[in-house]
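# Provide a 3D model corresponding to the input given below.
(one chain, ligands or ions: 2)
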Amino acid sequence: MEAGESFADALPWLKKYSGAVIVVKVGGHAMVDPEARSGIIKDIVTLKFLGLKPVIVHGGGPEIDAMMKRMGKTPQFVSGLRVTDDETLEIVRMVLVGNVNTDIVSLIARHGGKGVGIIGNDGNFIVARKKAPEKVVMNGKEVDIDYGWVGETESINPGILSLLLENGYIPAIAPIGYDAAGNCFNLNADTAAGDIAVAIGATSLVSLTDVDGVMMDPKKKETLIPQLSVAQCYELINKGVVSRGMIPKILSSISVIKGGIKSVHIINGNLPHALLQELFTDKGVGTCITLD
Ligand SMILES: Nc1ncnc2c1ncn2[C@@H]1O[C@H](COP(=O)(O)OP(=O)(O)O)[C@@H](O)[C@H]1O
Ligand SMILES: CC(=O)N[C@@H](CCC(=O)OP(=O)(O)O)C(=O)O
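Numbers count the residues shown, from 1 in each chain. Ligands and ions are numbered 1, 2, ... in the order given. Just a heads-up that it's a prediction; the model follows:
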């Protein structure tokens, strides 16, 4: 299709999103392939030049896993959350802040944008507290789980984000929070992205991962669910259709919609230009979650 034609077709969406703040959660699984990672960041820089205000929140689960294994540690997840002991926290910070965040900021620059990397203690951006231990059913047995240094958001202070957005920067946020005593917490990136989207009143949250969206059977592409209401999300969790890393995505989507954001989109970041197609065409490419 001619470029002129595509832009003309996209006009209604360009109007809808003009000046809109869009939180893009870039999952670690969407960034495994360096070319896919670069393509995603290029699309995000494109959003900026089309007049939107993108905010990146990134993960890095597979890279943390790889580093843990190199250091002789075995990753342990419960309900999609990494149980985080002292040493694991050190690895999480090293990988998310030292590797992934700086790489994303460099890619933003490479594609002509101005990126700024931030973590929870920059301008007290994410104030977090320890996630309380909870009882979880594992292999039919109820067990007490202490997640260690896994945190949950206490408050988001969006001041630094507003400053950056008003001055044309693309913020790239690593999901690390801090408490008033300076303790550092490992936050799930989807949960952090949701909390940030609500705190800044974003227009939409788009989560890029390595599957086409929410599926009845993640191994069968044809079982993709294009549209979900909050009630249906609860149903999928209760029926066990959603598992592992999809659990925090769905839980966060529910709280985002309840927090007043109109839509959450879960899409496959490995499909070229999935983000642009989801936002600027009427045939979305993944799962769109709305109130009803
Ligand atoms: N019902 C489901 N539909 C789609 N994916 C699912 C579902 N249940 C579990 N998953 C898993 O969730 C994964 C995505 O979450 P996650 O691994 O945390 O990705 P990311 O690193 O991109 O955040 C998929 O690769 C898939 O294996
Ligand atoms: C508490 C918790 O699980 N934190 C995540 C943070 C990174 C993340 O969420 O990465 P993805 O988006 O790639 O899954 C972790 O340690 O893996």
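
# and the residue in the stretch 1-150 of the chain that ligand 1 sits nearest to, how many neighbours?
Among the residues of the stretch 1-150 of the chain, Gly27 lies closest to ligand 1, at 2.1 Å counting by CB to the nearest ligand atom. Glycine gets a C-beta too; all of them are placed from N, C-alpha and C. For Gly27, the count of nearby residues is 26 (other CB atoms under 10 Å).

# And Val45, by the same measure?
The number of residues near Val45, taken as other CB under 10 Å, comes to 21.

# list the contacts for it?
Contact analysis of Val45 by CB atoms under 8 Å, 6 or more residues apart in numbering lists Ile108, His111, Gly112, Gly113, Ile170.

# Of those residues, which pair is most distant in space?
Comparing every pair within these by CB to CB identifies Gly112 and Ile170 as the most remote, at 10.7 Å.

# So these two - more neighbours on which side?
Ile170 (25 against 11).

# thought the more buried one was touching Val57?
No - using CB atoms under 8 Å, Ile170 is not in contact with Val57, being 11.8 Å away.

# For the nearest residue to Val32 once chain neighbours are set aside, pull up the helix or strand it's in.
Counting by CB to CB, 6 or more residues apart in numbering, Pro62 is the residue found nearest to Val32 once chain neighbours are left out, at 5.7 Å. Element membership for Pro62, per DSSP states H and E: helix 61-70.

# so how far is Asn188 from the residue nearest to Val32?
14 Å (CB to CB, to the nearest Å).

# Comparing the two, which shows the higher neighbour count?
Neighbour count, other CB under 10 Å: between Pro62 and Asn188, Asn188 has more, with 25 against 17.

# Pairing-wise in the sheet, spell out the partners of the nearest residue to Gly151 once chain neighbours are set aside.
The spatially closest residue to Gly151, leaving aside those adjacent along the chain, is Phe185, at 2.5 Å (CB to CB, 6+ apart). With DSSP bridges as the criterion, Phe185 is bridged to Gly177.

# same deal with Leu224?
Applying DSSP bridges, one finds that Leu224 bridges with Met215.

# Within its local environment, how many residues does it see?
Leu224 - counted by other CB under 10 Å - has 18 other residues nearby.

# show me the contacts for it.
Leu224 touches Asp212, Gly213, Val214, Met215, Gly286, Thr287, counting by CB under 8 Å, 6+ apart.
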